[in-house]
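> Got a predicted structure here, sequence first:
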Amino acid sequence: MAKVSAITGVCCILVILLSGACASRRSEIIKQKTFDPASARIANGEKVFMEKCHKCHPAGEAGLGPAISSNPAPQFVKRFQMRHGLGVMPGFKKEEISRKDLRDISKYLHAWKSY
Amino acid sequence: MSARLFIILATSFLLASLSSCYRMRASRGGGQISPVATRNIHPDDIALPPGYSITAVATGLTFPSAVTFDDQERAYVVETGYSYGEVWELPRLLRLEPDGRTTVIAKGGKNGPWTSIVYHNGSFYVSEGGEASGGRILRISMDGKITPLLENLPSMGDHHTNALVIKDGYIYFGQGTATNAGVVGTDNAQYGWLPRKKDFHDIPCADVILAGQNYSTENVLTPAAGDQAVTGAYVPFNTPTRAGQVIKGSIPCNGSILKIPLEGGKPELVAWGLRNPFGLALSPDGKIFATENGFDDRGSRPVWGAGDVLWEIKQDQWYGWPDFSAGRPMKDLEEFRVPGKPAVKPLLQQYPGTPPRPAAVFGVHASANGLDFATGDFGFEGEAFVAEFGDMAPSVGKVLRPVGFKVVRVNVQTGVIRDFAANKGKRNGPASWQGSGGLERPISVRFDPSHRNLYIVDFGIVRMSDRGATPEVSTGVIWKISKD
């Protein structure tokens, strides 16, 4: 049982590494599709993302910071990181990004990843 | 332990590990490539929205920067005559002929870069960047006669006299700062100008009161090893300052938008506190918008995480340089602290105003440069199209992947930025980095008089290393995007 768990764990980490290594371009001109926010909250999430996050993660791709479009972490993990920071990434307090806006960014990232 | 919980913990651990390794990761900017033999031109390597097509209308140019059109809708291009990496050519105004050849209309002297051109009422108006002997605004006749309208602008540093627009009988133009963040340092020697302009420094547009921050560096102006220099803000290299010291403002000044009458005259201040307002354009409703290149991670006062900005320019507004980035005060904020270095301290004891909210924030080191607004039949009416020249990592700071090297469109009401023209492929980057034949370094865009075609001025290949820039002559291209 322990051996099966260890193998499963290694496979999971490999999958994570491999999926992280895949290209994260979700650009409309690359996908040849238009991204149309399906709700006001997704539209708001995109707006807040552009204001706060785009400079380091341009359109979710790597730039100053790593790519996040291809990051397989669950949204609640990403929200935790946005709020509290991690490593060199600063956290954003509630005064900078409200709880609602944080969730809207999550909705936007999920929609952007899968449109 | 359940498999789901294991995956979540493993992911979190992986995220933590990757983040803490940031400082160990190498820079992978778009210019960090080996020399290339030639530039390949394949328009099919460029991705566009459905319903648009692209062609190369001129190739083999050397450091082109801007395009304009005369009354017969003929296209004219300026070549800068200067590139970072301190490569000097002669600036030129060229007419593009229908078969792709060029006709020389005018040549400048060794005082480039020529950064902008506008055709108006039978004449061309050109910004002469002025790296050698000061920026100028020039009027050039159709037969190539050059008349200076304004001279001796403070352009002999990192940034120059930039794009111009004509509105209500005035020429509005951008004037960049001498330094990255207000303090002359050893990075300015690497740029090339400090040894030849030892006393040059930023000039504020109004009196400022200093906080008295001083920075110790190697003294690059003396031959003795171990010599140190102490330098404050808005003063020459190796000149300390004290808290409460007043630096007098004067016009012309650095980091500003200025204007002069169309016939020439004394410059007047429009706005200031802009680090390098490179691009300038009029929106369909007559507002002035400027792109500002944000702080770099270099020099005596490096700043991290500073995106480039699109601003609406308003009369008498202060936009925050050297103490704000995109409207946010940098004082002690983790967001702007270079990893492993102290927090950014303010240079000013009192701020001359409150910066507004930006219209949009671009990627850090994207080099958001020339812009124009869509009107008419092209599509995306009212949006700003912005050329992103692309990162100059590692000398401006590290990036994990190339940033920029594309043309984006911006909704100036919401700040949403979407790609309009970029190279195809798994990863974004310039053609030389990808090994493709698409865009290299878009430096400006301009809609033609019909508003059905967008011209992209592509500067060409610029390789980057720790020693700075190595531009490649004869690799500039003019692209034309048309709606099908």
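Received the coordinates, thanks.
> Smallest gap between the stretch 301-450 of chain B and chain A, at which residue?
Of all residues in the stretch 301-450 of chain B, B:G307 sits closest to chain A, at 3.1 Å by Cβ to the nearest Cβ. Bear in mind the C-beta positions are built from the backbone N, C-alpha and C, glycine included.
> quick one, what contacts the closest residue to that residue other than its chain neighbours?
Closest residue to B:G307 in three dimensions, ignoring its sequence neighbours and counting by Cβ to Cβ, 6 or more residues apart in numbering or on different chains: A:K55, at 3.1 Å. Neighbouring residues of A:K55 by Cβ atoms under 8 Å, 6 or more residues apart in numbering or on different chains: A:G63, A:L64, B:G305, B:A306, B:G307, B:A326, B:V361, B:F362, B:G363, B:V364.
> For chain A, give me the ranges with low pLDDT.
A:1-23 (pLDDT under 70).
> did I read that right, A:I42 in a helix?
Yes: according to DSSP: H, G, I helix; E, B strand; the rest coil, A:I42 belongs to a helix.
> about what we covered before: for the contacts of A:K55, work out which two are farthest apart.
A:G63 and B:A326 (15.2 Å; Cβ to Cβ).
> Same drill for the two, tell me which one is more crowded.
A:G63 (29 against 25; other Cβ atoms under 10 Å in any protein chain shown).
> so that one makes contact with B:V403?
Yes: the pair A:G63 and B:V403 passes the contact test of Cβ atoms under 8 Å, sitting 4.2 Å apart.
> Now do the shared contacts for the two.
With Cβ under 8 Å, 6+ apart, A:G63 and B:V403 have common neighbours B:G363, B:V364, B:H365, B:A366.
> Can you name the residues bridging to the second one?
Counting by DSSP bridges, B:V364 forms beta bridges with B:G307.
> So the residue nearest to the spatial centre of chain A: helix, strand or coil?
Geometric centre of chain A, nearest residue: A:I68, 4.0 Å, by Cα atoms, centre = their mean. Under three-state DSSP, the three-state class of A:I68 is coil.
> just checking, it touches A:K78?
Yes: A:I68 is in contact with A:K78 according to Cβ under 8 Å; the separation is 7.2 Å.
> shared neighbours, these two?
A:L109.
> Quick check on residue 114: phi, psi?
By default, I'm working from chain A. phi -120, psi 10 (degrees, to the nearest 10).
> You answered for a different chain; I wanted chain B.
Given degrees, to the nearest 10, the pair of backbone angles that B:W114 has is phi -80, psi 120.
> can you pull the contacts of it?
Neighbours of B:W114 in contact, by Cβ under 8 Å, 6+ apart: B:65-66, B:78-81, B:91-93, B:108, B:126-129.
> From B:W311, how far out is the closest residue to chain A within the stretch 151-300 of chain B?
Residue nearest to chain A within the stretch 151-300 of chain B: B:G294 (8.2 Å; Cβ to the nearest Cβ). Applying Cβ to Cβ, to the nearest Å, the value for B:G294 to B:W311 is 12 Å.
> same deal with B:K480?
Counting by Cβ to Cβ, the gap from B:K480 to B:W311 is 28 Å.
> A:G65 too?
24 Å.
> So between the two, which is more surrounded?
Here A:G65 and B:W311 are compared on neighbour count by other Cβ under 10 Å; more neighbours surround B:W311, at 26 against 23.
> Which helix or strand contains that one?
Using DSSP states H and E, the element containing B:W311 is strand B:307-313.
> which helices and strands does that strand pack with?
Strand B:307-313 sits against strand B:288-292, strand B:360-364, strand B:368-373, with contacts defined as 3 or more Cβ pairs under 8 Å, 6 or more residues apart in numbering or on different chains; DSSP states H and E.
> which one of those strands lies closest to B:R4?
With Cβ to Cβ as the yardstick, what comes closest out of the helices and strands packed on strand B:307-313 is strand B:360-364 (34.8 Å).
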